[in-house]
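Peer 1: Got a sequence here, can you model it:
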Amino acid sequence: MIDINVTGIVNFIQNIAVVVLFLMFCHRLIPAFKEWKPPMRKSAFGLLFGTTGIVSMLLPLFSGEESIVSMKNILTALSAWLGGPIAAGVSVTLVTVARLAIGGAGAWPSIASGVTASLIGLVFYYFRRPTIFRSFRLARPTLIGLLVWAEGTAWCMLLPEHDRVFIIRNYTVVLAVLYPAAAILFHYCLNPEWVKSRETLADEATGLTPPDLFWHQMQQKMDARTPFYLTILNVDGLKTIVTLNSAKACNELLKEISDRLTGWLPDNAAACRMEANQFVVAVADPDPQSGALPLLPPGFWKQLQAALSEPYVIQHKRCHVAIEAGTTAYAGDGLSVDQLLPRAYAALQHARETGVNEAVLYNERLSERIRRLAQIEEHLKTAIEDDRLSIHYEPQFELSDGALRGIEAQLHWEHPEFGEVPAREFLPIAEKTKMIVRIGEWTLRQACGAYARIAAQGAPESLKLSVNVSGVQLEQSGFAALVVDVLREFGLSPDRLELELSEGSLLSSMENASKQMDELKAAGIRLALGKFGSSGSSIHFLRMFPFDTIKIDKSYIQDIGSAKEQDLTGSMIGFIKHLGYSVVAEGLETYEQLIYLKKRKCDYAQGHLFSKPLREDEIAALVHIG
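Peer 2: Here you go, the predicted model:
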């Protein structure tokens, strides 16, 4: 028969209250070791829980002459759940030593029960979700409490008979209710403080120092006038990995990058993740009293980029990313964090624009460039109204007979202050600000209008009009319908228009791009993939989208002359033609390149060797001469 020991319940609740108070006191010590290295921090967590378990054993419920009923098993389970193997080992060791010191006939079953409880906590630790400390969920602590009660009851069978019978009769029901209740109370009454301290210790997704703590540490260095290098690392390719795989794969990749980063950096460095695809690294001199910037070995940042750019294996697939880096130095000159960070971003932006494969070190000229880009962005808003935009047309020729194949519309901007602004400078700004949607529609209308006027004068029906399209435009649900309306407005046959999309555009809008391109293809509009070979996803694009023409990136054409690059370009042309696509070579500049392309049976080419981009009247004259 099972009895309810009311006095035992009261004593048990008193024990819980004392443990809660002691845990709250112990958690006040967490800020003292929050900046320690992970193994030391976890050892400290285990020490706190183990000490609390000892306190629980010193305020016991006596079930018989020798046996003790305490909260130590719940505490060791929670220690393992929250702190992992190191914390579990420390807490179990402490309570085991204390239990042996207390002695008694039930010591070994009690120790075995504590170890089992710790293993239960470790199971929950390894199978926990990333949001476990950020949500109020009763299931986990309740289940831990029930499992600890069950294993404790099982080990109780090894106690002397009179103790075993007494515990089962008086405490089976009590512990089945109070163990889960205690687990919930210990975890969730202390959870706000635990979450706060945990979030200041490590970023859950990467294991790196979280941003708030990282910048606090940087400010401390700056207050102490300790010089250091600050570098922002940008990871290109994450969107593609999410699109081709899943968000989970992206998270796994970020963790792999973080592990590789921490394994490569020296001890005097710190790192954190700023945004989804950006990391920030600080490297100081090992001697904080040196007062000098750290002496980094030659090629330090380039080696870091190479290490982070090596292929990753995520979910049994090889993944590739590209790393750009922007670096600035704090030399103890009184700057604040708010002043230092924009300098690193300026260097990063320059690295991304130029494509250099090493960190760009900040200098004042980069600030001037940032100001120029800000001015360009502001003036671009009114460029159409101010009649500063114009379209030039670059001819494309057949390499077999020299016939004019088509014309490519290219956007030009004459700025009243800066003069001719290169498209490579203002188009990225237009895409980032979404102004490209309006500018792209204007370009399409202008180009179709010019083509209609040229065609009315007797242009051959085979002449193609090529217009570049941004991935931002593809994100607009009505883009395909807009293109069809513009063609109808100017009375043009759809097969005369060829829309060119670069690999970079498709990387940012693959899902929407597929639907829009299917609609365009259904309307009879030709599609071209531009800058083929400029990213690692070229082959995937060929399988995924309904292209008619492939335009080889000009970097492959310009490298003709180098034996190795020549073989690569030739193989690329052969591969594309084998798949049944037409091939256009961009950036043709020398006769050597022309001879090589004709030898490889490339279909078409465009570039300054044939003609620079021409105004509408000039291209009309060329068309009619042809």
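
Peer 1: What residues of the longest strand along the chain count as buried?
Peer 2: When the chain is parsed with DSSP state E, its longest strand is strand 404-415. Neighbour counts over strand 404-415 (16 or more other Cβ atoms under 10 Å) mark Leu404, Arg405, Gly406, Ile407, Glu408, Ala409, Gln410, Leu411, Trp413, His415 as buried. C-beta: built from backbone N, CA, C; applies to glycine.

Peer 1: got these as TSV, with pLDDT columns?
Peer 2: TSV is the format used below for those (pLDDT from 0 to 100):
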residue	pLDDT
Leu404	93
Arg405	93
Gly406	92
Ile407	94
Glu408	95
Ala409	95
Gln410	94
Leu411	94
Trp413	91
His415	83
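
Peer 1: So in that sheet, which strands flank the longest strand of the chain, and in what orientation?
Peer 2: strand 389-398 (antiparallel), strand 419-421 (antiparallel), strand 464-469 (parallel) (DSSP bridges).

Peer 1: and those, which is most packed in?
Peer 2: strand 464-469 (a mean of 23; mean count of other Cβ atoms under 10 Å).

Peer 1: And the contacts of that one?
Peer 2: Strand 464-469 is contacted from outside by 396, 405-411, 440, 443-444, 447-448, 451, 492, 496-502, 505, 526, 528, 530, using Cβ atoms under 8 Å, 6 or more residues apart in numbering.

Peer 1: could you point out which element follows that strand?
Peer 2: helix 471-474 (DSSP states H and E).

Peer 1: Would you mind checking the average pLDDT for the very next helix or strand once past that following helix?
Peer 2: Going down the chain from helix 471-474, the next helix or strand is helix 479-490, by DSSP H and E. The pLDDT scores in helix 479-490 average 94.

Peer 1: helices and strands around helix 479-490, which ones?
Peer 2: helix 436-456, strand 497-502, helix 510-522 (3 or more Cβ pairs under 8 Å, 6 or more residues apart in numbering; DSSP states H and E).

Peer 1: need these in a markdown table with distance to Lys255, can you?
Peer 2: Compiled in a markdown table, the helices and strands packed on helix 479-490 are given as follows (distance: least, Cβ to Cβ, whole Å):
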| stretch | distance to Lys255 |
| --- | --- |
| helix 436-456 | 34 |
| strand 497-502 | 31 |
| helix 510-522 | 24 |
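
Peer 1: which of the ones you listed sits most buried?
Peer 2: strand 497-502 (a mean of 22).

Peer 1: Any chance you could give me it in CSV, C-alpha atoms only?
Peer 2: What follows is strand 497-502, C-alpha atoms only, in CSV (Å, rounded to 0.1, in the frame of the first residue of the first chain):
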residue,chain,number,x,y,z
LEU,A,497,13.6,40.2,-78.7
GLU,A,498,16.3,38.4,-76.7
LEU,A,499,16.4,39.1,-72.9
GLU,A,500,19.8,38.5,-71.4
LEU,A,501,20.1,37.5,-67.7
SER,A,502,23.4,37.3,-65.9
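
Peer 1: Just give the strands next to it in its sheet, each with its orientation.
Peer 2: strand 464-469 (parallel), strand 526-532 (parallel).

Peer 1: Adding distance to Glu275 and mean pLDDT, write those out as CSV.
Peer 2: Shown next, in CSV, are the strands paired with strand 497-502 (distance: least, Cβ to Cβ, whole Å; pLDDT from 0 to 100):
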stretch, distance to Glu275, mean pLDDT
strand 464-469, 28, 94
strand 526-532, 26, 87
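
Peer 1: Go through the ones you listed and name the closest to Phe127.
Peer 2: Shortest separation from Phe127 across these is recorded for strand 526-532, at 44.3 Å, computed as Cβ to Cβ.

Peer 1: what's the angle between that closest one and helix 510-522?
Peer 2: On the basis of axes from the mean of the first three to the mean of the last three Cα atoms, to 10 degrees, strand 526-532 is oriented at 140 degrees to helix 510-522.

Peer 1: quick check: angle from the longest strand of the chain to helix 436-456?
Peer 2: For strand 404-415 against helix 436-456, the angle by the same axes, to 10 degrees is 130 degrees.

Peer 1: shift numbering so it begins at 14
Peer 2: Noted, 14 is the first residue going forward, which turns the last one into strand 417-428.

Peer 1: so how far is strand 417-428 off the chain centroid?
Peer 2: Chain-centre distance of strand 417-428: 36 Å, with Cα atoms, centre = their mean, to the nearest Å.

Peer 1: Extract the CA atoms of it and return them as CSV.
Peer 2: Written as CSV, here are the backbone C-alpha positions of strand 417-428 (Å, rounded to 0.1, in the frame of the first residue of the first chain):
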residue,chain,number,x,y,z
LEU,A,417,25.1,41.2,-88.5
ARG,A,418,23.3,38.9,-86.1
GLY,A,419,21.8,41.5,-83.7
ILE,A,420,22.3,44.5,-81.5
GLU,A,421,22.6,44.7,-77.7
ALA,A,422,21.1,47.7,-75.9
GLN,A,423,23.5,49.1,-73.3
LEU,A,424,22.5,51.8,-70.8
HIS,A,425,24.7,55.0,-70.6
TRP,A,426,24.4,57.8,-68.0
GLU,A,427,25.9,61.3,-68.5
HIS,A,428,26.2,62.9,-65.1
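
Peer 1: Many thanks, we can stop here.
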